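# Predicted model, plus sequence, below.
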Amino acid sequence: MTTERKCTVSDLITNLIIEKLEAGCVPWRKPWNGNSTPRNIVSGKPYRGINAFLLGCTGASWFATYNQISAKGGCIKAGSKSLPVVFWTMKPVADRNTGDVKTIPILRYFRVFSLNDVNGIEAPASKETTREFTPIEAAEQIISSMPQRPDIKSDGARAYYSPTLDYVNMPWSELFHSDEAWYSTLFHELGHATGHESRLNRSTVTKSAYFGSTEYSKEELIAECCAAFLAAETGIVNAVIDNSAAYIDGWLRALKSKDNRGMVIHAAAAGQRAADFILNRHEATGC
């Protein structure tokens, strides 16, 4: 008699991402603007990491747990589905040999509903922005303020980051369909650059990895996540969504491997750290 393996939190999240990829969609390249960042209705705090991607794909801005909705007098519409929000918690564990107690991170999750699926609760009024929508200027500010920024060159029609020489090469801007696409690509390459040993010292950058390998796919995920977060910061709403069949196929193969069920969660977290580094931001860890 066989029993079905218990679905882990990593399985749960990875399966959701795989569904998107198999449909030809790359969820972390969703061109959010800063005002639509998914937030919790009670705390008002934005969701981060993989949670920002999963909730952002719905197009909704506000979310709450069942208990939060009930406490505010709301009622969930019939047939509405919840989404998982993952977080890390520290658990004390005794060493089997020495008996010493140490804490290890454990991945947990709870579920939230979009406020679009709730009756009886008014969504907070959207904050009016006082600045003119200028995504290019906002992007330039992020690039110029990046700590320990690598050299940025324009030589030929290739976009890449050289870990050995620590520089980013960008195609000439006139080769892109839009200025937003150029900045989105640059954000991706700067995301790779954060992995240099002088910055975040990420093994997926400091160690060689061949195209299509798990480490290569993981680093591409990290850079894509970083670019998505930075695009959200700048308000770029027309950034190119690259649904390259080769990339999607590589990601699917990596994500479906039984040894990589938590890869997309870790990649999103690493992408968040990369974006925070570029923004010179020191955020507290959270969901």
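Yep, that arrived. Residues are numbered from 1 along each chain as shown.
# only C-alpha atoms for contact and neighbour calcs from this point on.
Noted.
# Run a quick check on G49 versus A269, I expect a contact.
Yes: taking C-alpha atoms under 8 Å as the definition, G49 is a contact partner of A269 at 5.0 Å.
# out of the two, which sits in the busier spot?
Legend: neighbour count by other C-alpha atoms under 10 Å for G49 and A269, higher for G49 (25 against 21).
# What's the separation between the more buried one and W62?
Note on G49: its distance to W62, by C-alpha to C-alpha, to the nearest Å, is 16 Å.
# Now do the helices in this protein.
In the chain, the helices defined using DSSP state H lie at 9-22, 50-56, 66-71, 135-145, 179-193, 203-206, 214-234, 245-256, 263-278.
# any idea which of those scores lowest on pLDDT?
With a mean of 65, helix 245-256 has the lowest mean pLDDT of the helices of the chain.
# Who are the contact partners of A123?
By C-alpha atoms under 8 Å, 6 or more residues apart in numbering, the contact set of A123 is I41, W62, L115.
# And for Y161?
Y167, V168, N169, E189, L190, H192, A193.
# what's the nearest residue to it if we skip its chain neighbours?
V168 (4.4 Å; C-alpha to C-alpha, 6 or more residues apart in numbering).
# What's opposite that neighbour in the beta bridge?
Beta-bridge pairing of V168 under DSSP bridges involves I152, Y161.
# neighbours of it, just the number please.
For V168, using other C-alpha under 10 Å, the count is 21.
# Quick one: residues contacting it.
Taking C-alpha under 8 Å, 6+ apart as the contact definition, V168 lies against P150, D151, I152, K153, A159, Y160, Y161, S162, E189, L190, A193.
# What's the ChimeraX line that selects buried ones from those residues?
Selecting the buried subset of the contacts of V168 in ChimeraX, with 16 or more other C-alpha atoms under 10 Å as the burial test, is done by:
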select :150,152,159,160,161,189,190,193
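# about what we covered before: out of the contacts of A123, which one sits closest to L230?
Among those, W62 lies closest to L230 (C-alpha to C-alpha), at 20.6 Å.
# Please determine how far that closest one is located from I41.
For W62, the distance to I41 equals 6 Å [C-alpha to C-alpha].
# What of E180?
Distance, E180 to I41, using C-alpha to C-alpha: 31 Å.
# now do A138
Using C-alpha to C-alpha, we find A138 at a distance of 28 Å from I41.
# Look at the two and report which has more neighbours.
Of the pair A138 and I41, I41 is the one with more neighbours under other C-alpha under 10 Å, namely 22 against 15.
# Could you pull up the contacting residues of the more buried one?
Applying C-alpha under 8 Å, 6+ apart, we find I41 in contact with W62, F63, A64, A123.
# How many neighbouring residues does the nearest residue in space to H192 that is not next to it in sequence have?
Using C-alpha to C-alpha, 6+ apart and skipping residues adjacent in sequence, the residue nearest H192 is A223, 5.6 Å away. Other residues near A223 number 29, with proximity taken as other C-alpha under 10 Å.
# correct me, but A223 touches E189?
Yes: using C-alpha under 8 Å, A223 is in contact with E189, at 6.9 Å.
# what residues are up against the residue nearest to H192?
A223 touches F187, H188, E189, L190, G191, H192, G271, counting by C-alpha under 8 Å, 6+ apart.
# surely the last one meets E220?
Read it as G271. No: using C-alpha under 8 Å, G271 is not in contact with E220; the gap is 9.8 Å.
# which of these two has more neighbours?
When G271 and E220 are compared for neighbours, G271 comes out ahead with 30 against 21, by other C-alpha under 10 Å.
# what sits against the more buried one?
G271 touches G49, G191, L221, I222, A223, E224, C225, C226, F229, counting by C-alpha under 8 Å, 6+ apart.
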